[in-house]
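[1] Structure for the following, please:
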Amino acid sequence: MQYKNTPDTTSEHNELVNKIKNSFHYTSNMLYISDGVTYQSLNLQNGKDKIFGMDMLDITTSYSKNQTKLEHYDNSAYADKTHKFFKEILEGYMESNTDDSRENFKYREYIKQGDIYKVEETTVINFRVASPSDMQKLYTYIKMKDGQYSINAGVDSIMLDKYMYNGLRVSGLSSIDNISVTVNGSMYDDQNATIGN
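    Predicted structure coming up:
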């Protein structure tokens with residue numbers, strides 16, 4: 001939420017949304033293969049959402065904005081309807097502890113021109129790690145060594161630079177969700193066991 005002289009979308013909000021989108025990562029130290037030859041680990045982020053050319057990360061956003069104009073009047077008949085934020089800085093109002101100016105000297109300040117808006121912006125960000133389409137296949141590498149592997153989703157810390165939030169650090173979460181995977185043998189072992197029976 002911000003108070004500004006325009007009801008437009010704020011650059012500070014855009015920066016926050018973009019940096020959160022860029023801070024998300026989905027990684028795995030398991031090895032994956034698609035073509036039977038080349039293998040690689042998984043490291044999905046905004047702008048790097050593919051493995052072997054397959055789209056694996058989908059980031060969607062939904063945005064909403066409410067803006068409210070803070071009322072002010074330069075007509076004494078409507079002065080009491082002026083928003084309390086203005087009354088707190090203008091002379092001749094109880095809110096600024098200067099009501100005696102109005103009572104004793106008939107003096108009261110008004111805002112003749114210029115508008116202030118309360119701007120409330122909300123963006124919901126959805127990160128969806130998607131499996132490849134039916135026409136694409138992705139497997140774990142068959143020669144991957146036995147051991148413990150992990151799949152992890154996290155958000156890095158971010159530093160904001162825009163005017164209102166300049167220098168504000170937002171702490172990330174190294175692990176939003178984590179899956180531990182134990183690799184012991186391969187499908188060849190399963191096939192040999194089946195053939196042996």
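
[2] What segments of this protein are strands?
    Under the criterion DSSP state E, the chain carries strands at the ranges 2-4, 24-33, 39-45, 50-51, 54-55, 57-69, 117-129, 139-140, 147-155, 158-159, 169-170, 173-183.

[3] Deepest-packed of these, please.
    A comparison of the strands of the chain by mean neighbour count, using mean count of other CB atoms under 10 Å, puts strand 24-33 on top with a mean of 18. Just so you know, the C-beta spots here come from the backbone N, C-alpha and C atoms, and that holds for glycine as well.

[4] Contacts for that strand, please.
    Outside of strand 24-33, the residues that reach it under the criterion CB atoms under 8 Å, 6 or more residues apart in numbering are 39-46, 51-52, 56-57, 59, 127, 129, 138-142, 144, 149-156, 181, 183.

[5] Include mean pLDDT and distance to L90 when you put the strands of the chain into a markdown table, please.
    Shown next, in a markdown table, are these (pLDDT from 0 to 100; distance: least, CB to CB, whole Å):
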| stretch | mean pLDDT | distance to L90 |
| --- | --- | --- |
| strand 2-4 | 82 | 16 |
| strand 24-33 | 90 | 46 |
| strand 39-45 | 88 | 50 |
| strand 50-51 | 86 | 58 |
| strand 54-55 | 84 | 56 |
| strand 57-69 | 92 | 17 |
| strand 117-129 | 93 | 18 |
| strand 139-140 | 82 | 69 |
| strand 147-155 | 93 | 44 |
| strand 158-159 | 92 | 37 |
| strand 169-170 | 90 | 36 |
| strand 173-183 | 91 | 45 |
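
[6] got those as JSON lines, with distance to I89 columns?
    Output for the strands of the chain, formatted as JSON lines (distance: least, CB to CB, whole Å):
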{"stretch": "strand 2-4", "distance to I89": "12"}
{"stretch": "strand 24-33", "distance to I89": "42"}
{"stretch": "strand 39-45", "distance to I89": "46"}
{"stretch": "strand 50-51", "distance to I89": "54"}
{"stretch": "strand 54-55", "distance to I89": "53"}
{"stretch": "strand 57-69", "distance to I89": "17"}
{"stretch": "strand 117-129", "distance to I89": "16"}
{"stretch": "strand 139-140", "distance to I89": "65"}
{"stretch": "strand 147-155", "distance to I89": "39"}
{"stretch": "strand 158-159", "distance to I89": "32"}
{"stretch": "strand 169-170", "distance to I89": "31"}
{"stretch": "strand 173-183", "distance to I89": "40"}
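
[7] Of those strands, give the one that comes closest to V17.
    V17 lies closest to strand 117-129 among the strands of the chain, at 4.8 Å (CB to CB).

[8] Who are the packing partners of that closest one?
    Counting contacts by 3 or more CB pairs under 8 Å, 6 or more residues apart in numbering; DSSP states H and E, the secondary-structure elements packed against strand 117-129 are strand 2-4, helix 11-23, strand 24-33, strand 57-69.
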